[in-house]
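*Asks:* Sequence first, then the predicted structure, then my questions.
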Amino acid sequence: MSAILGNAMVITAALPLLLGIVLALLSRFAVAASSPVLTLLWAALLLFFYCDTLGPPVMPPVAASQKLIYLAFAGIFIGLLPERILAGRTASALAVVALATAFLWLGWRRIAGGSLDMPMIAALAVALLALIGAAMLTAQPSSPSLSAEEPFLAPAAALSLSLSGAIVSVLGASIVTGQLLGSLAALTGGWCLVQYLATLRGGAASAWSKGVEFLLLFAAATVLIQIALLAPKANPLALILSSLPPLAAVLMRGRLQGLLPGARSLRPLIAGLLIALPAMLAIVTAIVWAPHGAALGFS
Amino acid sequence: MRTKKLIAALAFAGASMLASAAYADNYEIDGQHAWVTFTIKHGIYSIAHGQFDAVKGAIVMDKADVTKSSVKAELDVGSIHTAFDQRDSDLKGPDFFNAAEFPAISFESTKVEKVDDKTGKVTGNLTISGVSKEITLDVKLLNEAPAPWDATLTKAAFSATGKVSAADFPMAKAADGFGLGPEVDIAIDLEAIKK
């Protein structure tokens, strides 16, 4: 058992995928998707994967990698605020302040260094785009009459950002953050899989609560910002492209229903693919311009 | 009478301090002749070797009272060298030495003990990636003499060895069963120029 759990692929991909499926099944059969209990379960799993890849929290945190888990705690704290607070302008303001603070806290040593080199410019762009995307996406109100694709917009954004961020990170010789984002992608992927199967069977997919939306987007964005700040081998263009899915999700809202009114079960898939487009470009960019080809750097 | 005794005591203390100060020589580490090397287990196979090419620092050596000696040194993480460029750049990355956030490794002694005339133990704080851990180096004074080509240039040569665990520092991939270490053996050979 311990050998299975010790396998990086199991802990990074298979286990979070399975747990994402379990969370989705819970939302369909046991707990309302908007329930704080489900938000707490997401938070607990998030912390488990943070601890597994980054180690337990260190007090005081010195390195940026040690600060990530505290940022996750902050995201969880905000995510557990009442739904009425996590809507509209308040949610936007919280996302802007939280991500800007995270950028400054993670990167203050780099910023204090004063060099505005290409990785620093990329880090600034990533932080800004992730901040705008997260702020706009979380600000959108939960619609009472959801279109088929709407419950998938935020999960698709988090999944695309995490997956491309993971690959860009690993190709940029930052394995740990790659593993962490891989876990987040698999967790979200498990959720999306079950919800899409429900849509295919004619049911309605459960949407993330605003709290879950916030904590997962915030977690994925902060890890991506850390990669941009501290992994100089990570491709800067790929990092910038990786930060775009939340913005793509904002643009997607309400567009497909008018364009493809008859294809109800196809719309989540099309929306997901369009949201993932910048992420796919990011992966291709990272592979084509990887500093040592598509092979892992460590030798 | 008491005043005279106090003056005498102060004079004695002052003279002692002056005497010890006179014995404390200041040296600057000669970066061109400094080899800070390390070895770490590479998976189930060999022992990997590496070195930091850029070393600077200062040594105060008090021959009369070795315990008053001190060492302060700094290594440039960007100068890490393992005879393979790709590995060097990976080691500078966030999973290992994290050079973008912490460009230097530092050592500052807190205690120097004499073992015999030529050997001693130097304990101090080694700071890697912002985290300080106390380590003890076994140090040997190899020689101290004027340079044969320049009598005005006096150098001292030291050799030191020690051990650290990468798990003590925020170096995720040298501590999580990735196949490296986590024990790291340090070997230092350096010359220092008397100021």
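*Replies:* Sure thing, it's come through.

*Asks:* What is the burial count for the closest residue to chain B within the stretch 51-200 of chain A?
*Replies:* Of all residues in the stretch 51-200 of chain A, residue A:62 sits closest to chain B, at 3.8 Å by CB to the nearest CB. Where you see a C-beta, it was placed from the backbone N, CA and C, and this is true even at glycine. Neighbour count for residue A:62, taken as other CB atoms under 10 Å in any protein chain shown: 18.

*Asks:* How is it assigned, secondary-structure-wise?
*Replies:* State at residue A:62, reduced to three classes by DSSP: H, G, I helix; E, B strand; the rest coil: coil.

*Asks:* Chain neighbours aside, what residue packs nearest to the closest residue to chain A within chain B?
*Replies:* Here the residue of chain B nearest chain A is residue B:130; by CB to the nearest CB that distance is 3.8 Å. Distances taken as CB to CB, 6 or more residues apart in numbering or on different chains place residue A:62 nearest to residue B:130, at 3.8 Å, with adjacent residues excluded.

*Asks:* correct me, but residue A:19 touches residue A:188?
*Replies:* No - using CB atoms under 8 Å as the test, residue A:19 is too far from residue A:188 to be in contact (10.7 Å).

*Asks:* Same drill for those two, tell me which one is more crowded.
*Replies:* Using other CB under 10 Å as the criterion, residue A:19 and residue A:188 rank with residue A:188 on top: 30 against 21.

*Asks:* re the thing from before, mind listing what the residue nearest to residue B:130 touches?
*Replies:* Taking CB atoms under 8 Å, 6 or more residues apart in numbering or on different chains, we find residue A:62 in contact with B:129, B:130, B:131, B:170.

*Asks:* If you rank those residues by neighbours, which is first?
*Replies:* Neighbour counts for the contacts of residue A:62 peak at residue B:170, which has 28 neighbours (criterion: other CB under 10 Å).

*Asks:* Checking that one next. Helix, strand or coil?
*Replies:* Quick answer, by three-state DSSP: residue B:170 is coil.

*Asks:* now residue B:194, nearest residue through space, not along the chain?
*Replies:* Once flanking residues are discounted, residue B:194 sits nearest to residue B:154: 4.0 Å by CB to CB, 6+ apart.

*Asks:* go on, residue A:81?
*Replies:* Spatial nearest neighbour of residue A:81, excluding adjacent residues (CB to CB, 6+ apart): residue A:211 at 7.0 Å.

*Asks:* Same question for residue A:175.
*Replies:* The shortest distance from residue A:175 to any non-neighbouring residue, by CB to CB, 6+ apart, is to residue B:95 (5.3 Å).

*Asks:* How are the strands of the chain distributed by residue range?
*Replies:* No chain specified, so I'll use chain A. For chain A, the strands defined by DSSP state E occupy A:291-294.

*Asks:* Sorry, I should have been clearer: chain B.
*Replies:* Using DSSP E, strands in chain B cover B:24-42, B:47-52, B:55-62, B:70-76, B:80-81, B:104-114, B:119-128, B:131-147, B:150-165, B:180-194.

*Asks:* tilt between the third one and strand B:70-76?
*Replies:* Orientation note: strand B:55-62 sits at an angle of 180 degrees relative to strand B:70-76 (axes from the mean of the first three to the mean of the last three CA atoms, to 10 degrees).
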